[in-house]
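Q: I would like the atomic coordinates for the input below:
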Amino acid sequence: MEKKYDYLIVGAGLYGSTFAYREIHKGRRCMVIDKRLQTGGNLYCDNIEGINVHQYGAHIFHTNHKGVWDFVNSIVPFNRYTNSPVANYSGKLYNLPFNMNTFYQMWGVTTPAEVEAKLAEQRAEALNRMRNLGIDEPRNLEEQALLLIGKDIYEKLIKGYTEKQWGRKCTELPAFIIRRLPVRLTFDNNYFNDSYQGIPIGGYNKLIDGLLDGADVMVGVDFFQDKEHWLNLADKVLFTGKIDEFYDYRFGKLNYRTVKFETEILDTANYQGNAVINYTESDVPYTRIIEHKHFEMFGSAINACPKTVISKEYSMEWKDGIEPYYPVNDDVNQALYRQYAALAAKEEKIEFGGRLAEYKYYDMAPIIHKIMF
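A: Below you'll find the model as predicted:
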């Protein structure tokens with residue numbers, strides 16, 4: 001007779017794996033299945049030339065919650081990686097997020113007072129332009145950004161990058177996407193304000209393996225090819241896949257943005273000197289280049305590893321057959337999602353959770369917090 005489980009968990013990404021950990025530690029029996037040939041979802045790392053390569057894009061763990069930080073470190077110790085991206089515009093480099101280094105690189109100013117004066121001048125220009133058009137509130141992302149940060153930084157560091165990311169002109173994107181822009185009047189290149197950040201030592205696979213310890217795991221399994229079999233295998237089900245697919249797209253398909261990666265092994269120890277460099281010109285087709293070794297190798301360890309691995313990222317419209325990444329949070333898609341969520345709310349045996357099942361962008365730490373705390 002086939003073994004009975006307390007939970008079937010569809011999807012071995014961070015959400016499903018953390019859920020499995022919680023239930024196993026409550027004494028429950030869990031079966032975890034995933035369509036991919038490996039666990040970890042988009043956290044999966046492939047070891048190439050001794051470097052843990054983030055196969056589905058850079059993932060940097062960051063949180064202000066000490067409990068969350070202590071929990072993940074109890075599974076695998078994290079390193080001290082600090083995310084300090086750089087923007088490349090026409091061969092000139094600018095520190096991100098916008099801070100005193102950025103403003104010095106942009107305008108040659110050296111004091112917070114000079115920065116405030118320059119920003120006030122450019123914000124006033126944007127405000128006057130809107131008033132001359134009879135506009136009280138920004139109608140789109142471009143007008144919002146000009147009002148927040150002025151034309152120099154907008155045109156060099158925001159416009160091209162954002163249009164590549166979304167596949168639409170900034171004048172066609174809603175203002176709320178960029179309602180707030182961090183502006184720091186300190187020489188601080190740390191992208192996150194969180195108290196804790198880092199990468200698991202040895203890569204994210206170690207985190208996922210630790211979370212799934214004690215679960216029965218099957219990969220290369222398509223839940224939808226034998227849906228009834230899997231649903232009958234356990235008392236309850238956690239589904240972390242696409243909610244519209246679960247309901248056979250009865251109201252239509254939700255839309256996503258996706259990312260294509262071009263990964264190369266280079267015969268050099270250090271290609272760009274930083275993990276993340278954004279390319280903000282519209283003429284450069286990729287949005288950024290990730291050099292993976294800088295997530296886990298520091299100091300002399302960089303040159304001790306004679307090769308490096310880089311990934312160029314291209315933002316694209318999603319279509320069937322490619323990986324869905326970012327929900328398109330416009331009114332049409334949100335209304336469609338609400339129809340599916342109403343069906344999900346009526347389910348007694350099935351729970352829905354995660355990026356695809358809830359049609360929302362998730363950072364990693366909030367997933368841990370939601371499930372464990």
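
Q: mind listing what the nearest residue to Ser84 once chain neighbours are set aside touches?
A: Leaving aside its sequence neighbours, Ser84 sits nearest to Asn189 (Cβ to Cβ, 6 or more residues apart in numbering; 4.0 Å). C-beta: built from backbone N, CA, C; applies to glycine. Contact analysis of Asn189 by Cβ atoms under 8 Å, 6 or more residues apart in numbering lists Ser84, Asn95, Leu96, Pro97, Asn99, Asn101.

Q: Looking at those residues, which one is closest to Pro324?
A: The closest of the contacts of Asn189 to Pro324 turns out to be Leu96 (Cβ to Cβ; 26.5 Å).

Q: returning to that earlier point: point me to the helix or strand that includes the residue nearest to Ser84.
A: Asn189 belongs to no helix or strand when assigned by DSSP states H and E.

Q: Compute the number of surrounding residues for Gly27.
A: 7 (other Cβ atoms under 10 Å).

Q: ugh, typo on my part, it should be Asp320
A: Counted with other Cβ under 10 Å, the neighbours of Asp320 add up to 6.

Q: Which residue, other than its chain neighbours, is closest to Ala344?
A: That would be Phe352: by Cβ to Cβ, 6+ apart, it lies 4.8 Å from Ala344.

Q: Next, count neighbours for the one you found.
A: By other Cβ under 10 Å, 22 other residues sit near Phe352.

Q: give me phi/psi at the residue nearest to Ser84?
A: Dihedral angles of Asn189 (phi, psi; degrees, to the nearest 10) stand at phi -90, psi 0.

Q: quick one: it and Gly16, what's the gap?
A: As judged by Cβ to Cβ, to the nearest Å, Asn189 and Gly16 stand 34 Å apart.

Q: do the same with Thr240
A: In this view, Thr240 and Gly16 are 5 Å apart by Cβ to Cβ.

Q: cool, and Cys30?
A: 9 Å.

Q: Glu296 too?
A: Distance from Glu296 to Gly16, counting by Cβ to Cβ: 25 Å.

Q: Show the contacting residues for Lys319.
A: Counting by Cβ under 8 Å, 6+ apart, Lys319 has no contacts.

Q: and it, what pLDDT?
A: Note on Lys319: pLDDT of 88.

Q: how far away is Asp363 from Lys66?
A: Computed as Cβ to Cβ, the Asp363 to Lys66 distance reads 17 Å.

Q: Equivalent analysis for Glu172, please.
A: Glu172 is 42 Å from Lys66, by Cβ to Cβ.

Q: picking up where we left off before, closest to Asn303 out of the contacts of Asn189?
A: Among these, Ser84 lies closest to Asn303 (Cβ to Cβ), at 19.9 Å.

Q: elements contacting the lowest-mean-pLDDT helix or strand in the chain?
A: Here the helix or strand of the chain ranked lowest by mean pLDDT, DSSP states H and E is strand 326-327, holding a mean of 88. On a contact count with 3 or more Cβ pairs under 8 Å, 6 or more residues apart in numbering; DSSP states H and E, strand 326-327 meets strand 256-266.

Q: just for the chain, where's the confidence low?
A: Applying pLDDT under 70 to the chain flags residues 1-3.

Q: Show me the helices in it, by range?
A: Along the chain, counting by DSSP state H, helices occupy 14-24, 66-75, 100-107, 112-132, 141-149, 151-153, 159-166, 204-212, 227-231, 243-246, 300-304, 331-345, 364-372.

Q: Could you point out which of the ones you listed sits nearest Tyr279?
A: Nearest to Tyr279 among the helices of the chain is helix 159-166; the distance by Cβ to Cβ comes to 7.5 Å.

Q: If we go by neighbour counts, what in the closest one is buried?
A: The neighbour-count check on helix 159-166 (16 or more other Cβ atoms under 10 Å) flags Lys159, Gly160, Tyr161, Thr162, Glu163, Lys164, Gln165, Trp166 as buried.

Q: got a list of what Ile322 touches?
A: Applying Cβ under 8 Å, 6+ apart, the residues contacting Ile322 are Thr258, Lys260, Met316.

Q: Isn't Lys242 up against Leu254?
A: Yes - here Lys242 reaches Leu254: they are 7.2 Å apart, a contact under Cβ atoms under 8 Å.

Q: Settle it for me: which of these two has more neighbours?
A: Leu254 (22 against 18).

Q: Just the buried subset of the contacts of Ile322, please.
A: Buried members of the contacts of Ile322, scored by 16+ other Cβ under 10 Å: none.

Q: and the residues you listed as TSV, adding distance to Arg22?
A: As requested, the contacts of Ile322 are exported to TSV (distance: Cβ to Cβ, whole Å):
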residue	distance to Arg22
Thr258	30
Lys260	34
Met316	35
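
Q: which residues touch the least confident helix or strand of the chain?
A: Residues outside strand 326-327 that contact it (Cβ under 8 Å, 6+ apart): Leu254, Asn255, Tyr256, Arg257, Thr258, Asn333, Tyr337, Arg355, Tyr359, Lys360, Tyr361.

Q: chain center to it: distance?
A: Here strand 326-327 is found 10 Å from its chain centre; the criterion is Cα atoms, centre = their mean, to the nearest Å.

Q: Just give the strands next to that strand in its sheet, each with its orientation.
A: Strand 326-327 sits in its sheet next to strand 256-266 (antiparallel), going by DSSP bridges.

Q: ok, residues contacting the strand it pairs with?
A: 48-49, 53, 55-57, 165-167, 286, 307-318, 322-328.

Q: Buried among those? Make that a PyMOL selection.
A: If you want just the buried ones from the contacts of strand 256-266 in PyMOL, going by 16+ other Cβ under 10 Å, the selection is:
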select buried, resi 48+53+55+56+165+166+286+308+309+310+311+312+313+315+318+324+325+326+327+328
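
Q: Out of the contacts of strand 256-266, which sit inside strands?
A: Here DSSP state E is the test, and the contacts of strand 256-266 give 48, 53, 308-317, 326-327 as lying in strands.
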